[in-house]
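1. sharing a sequence plus its predicted fold:
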Amino acid sequence: MSSTYYMDPAVEALSPRAENLMTRALGHCANAETDGVITQNALKRLGILNWNRYVTELELNQILIPNGDRTEWTFRSWDKWQEPLNKQVRKRKADRERVAERRAEPEMSRDGRASAQNIHNNTKKKSTNVLQKEDRSVASSVAESDPEHTENPLFTEWWKCYPRKVGKEAARKAFEKALGKTSSEKLLTGVQQFAADPNLPEKQFVPHPATWLNEGRWDDEPLPPRRNSGSIIRKSATERANEYLNGQKQYRAHGGNPLPPPGFELFNSEMNAIESGEIIDAVVV
C-alpha cells in the first residue's frame, strides 16, 4: 500500500478509530486478494468494537462505497493505494520467469544434442522412436506452458458456473484452499444454487469469486427476497451517493454542517447509550 495514503484529504478527516478500521480492512483485502472489496462478515472479524459506526464514517468520507443491501463495500481509492504492491507482485513474477528460463536452457541443449546423436547413429527404427519421444516431450512442454492444460478441471467447471467473472487467479488459489475444507461436489452444488438464486443482486454487487470461496459461502442459506419497488426503478448506489453529496453541498452553502444519512441520529444515540452502560445486551444490526 502507498506510504502516503494518510495524506489523502478524506483520510485526514477520519477519527482515530475509523482510520484503525480502515487500515485493518485494507490489510484484509490485500491478504485475501479481493481487489479492494470487503464483506460484512470480514469487517466483524477485524476486532473493532462498534465497527458499524466507523463504517458509516468511512462512507460519509467516500472511502468505502456500499453495495445495495450494505453487505459488501469497495474501497474507492483501492487502485491508487495498491499500485506499489501491484508493481512488486509483477516484478517478482517476472523474476521467477527469468530464473525458470535460465534453468530450462541447459536442459533443452542437452536434449537436443542427445537427439541429434541418436538420429545419426541408430537405425531408421530407432530414429523413429527418438522422434516420437521428442514429439511427446514437445507436447508436454506445451501443456506446461499453457494454463488451460494444467488448470484443475473441477475449478474450470466451478468458474463457468460463478455469476461474476473477475479475479480468476485469486479465485483459483481460493478454490484449491477450499478443497482442503470441503468436497468438490459441495463447492459445485453451492455455486450452482447461488447462481440460480432468483434473489441474486445485480452483477456489480455479486461478491468476487475469491471472496465467496474464502468465506465458505457454499454453506450459506438462500438470499433474502429483494425489495419490491413496484413501478419505481431502484436507484444504483452511485446515484444515491451522488444525491446525498449534492444535498451536503447545498446544506454547506447555507452555512450548515454536513447532514447525517437517514437513521444515523438514532443509530448514534444508541451507540452512545451502549458505551455509557445505559443499554445492556443491546443487539446492533
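-> Alright, I've got the coordinates.

2. so what does T39 have for phi and psi?
-> Phi and psi for T39, reported as degrees, to the nearest 10, are phi -100, psi 170.

3. any chance you could map the helices in the chain?
-> 9-12, 16-32, 40-44, 51-60, 78-121, 124-145, 147-150, 153-161, 168-178, 184-196, 209-214, 237-253, 264-276 (DSSP state H).

4. where among the ones you listed is average confidence lowest?
-> When the helices of the chain are ranked by mean pLDDT, helix 124-145 comes last with a mean of 50.

5. count the residues that sit near the nearest residue to Q204 once chain neighbours are set aside.
-> Nearest residue to Q204, sequence neighbours excluded (Cβ to Cβ, 6 or more residues apart in numbering): N67, at 7.7 Å. All C-beta spots, glycine's among them, are computed from the backbone N, C-alpha and C. When counting by other Cβ atoms under 10 Å, one arrives at 19 neighbours for N67.

6. check whether N67 really touches E59, as I assumed.
-> No. N67 is beyond contact range of E59, at 11.6 Å (criterion: Cβ atoms under 8 Å).

7. now the common contact residues for the two.
-> Both N67 and E59 are contacted by W73, under the criterion Cβ atoms under 8 Å, 6 or more residues apart in numbering.

8. okay, domains of the chain per the record?
-> Domain assignment for the chain by automatic domain parsing gives 98-146, 153-219.

9. kindly check the end-to-end length of the last one for me.
-> In terms of Cα to Cα, to the nearest Å, the two terminal residues of domain 153-219 are separated by 22 Å.

10. touching, E33 and G167? I think so.
-> Yes. Between E33 and G167 there is a contact under Cβ under 8 Å: 6.9 Å.

11. need the overlap of contacts for these two.
-> Going by Cβ under 8 Å, 6+ apart, residues that sit against E33 and also against G167 are A210.
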